[in-house]
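K.L.:
Kindly return the folded structure for what I paste below:
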Amino acid sequence: MTKFGDLISLDKPVLIDFYADWDEIENSVDTLRDVAAALGDRAKVIKIDIKKNETLADALRVKGNPTFMIYKNGEMKWRQTGFQDANTLISLVQQYL
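P.N.:
Just a heads-up that it's a prediction; the model follows:
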């Protein structure tokens, strides 16, 4: 398994969706697939289950579901809690390409 520090230290944007399985309404896999397809290899899109990664979620103070973050070169560039549509996420990530 890849360590979180290795994931976020890439020189391209990394969009992370912290989610919980119990929230099916806002846990839209299709949205992230659309984002990943639109961005291709210019960015990385990752889903992290809050319940399976409680230590990491606590360390990052993830309280809401879903919580999205964008990292680049190990630095958090953007963070938002609450549902985001694919077009919004694509636009946000494109700012850091």
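K.L.:
where does the chain have low pLDDT?
P.N.:
1, 22-28 (pLDDT under 70).
K.L.:
Which strands or helices does the longest helix along it pack on?
P.N.:
Longest helix of the chain, by residue count under DSSP state H: helix 29-39. Packing partners of helix 29-39 (3 or more CB pairs under 8 Å, 6 or more residues apart in numbering; DSSP states H and E): strand 14-19, strand 44-49, helix 86-94. Quick note: C-beta positions are derived from backbone N, CA and C, even for glycine.
K.L.:
and Q80, which of the ones you listed is closest to it?
P.N.:
The closest of the helices and strands packed on helix 29-39 to Q80 is helix 86-94. By CB to CB, the value is 8.4 Å.
K.L.:
what comes up buried for the closest one?
P.N.:
86, 89-90, 92-93 (16 or more other CB atoms under 10 Å).
K.L.:
okay, now K63: neighbour count?
P.N.:
Look at K63: counted by other CB atoms under 10 Å, it has 11 neighbours.
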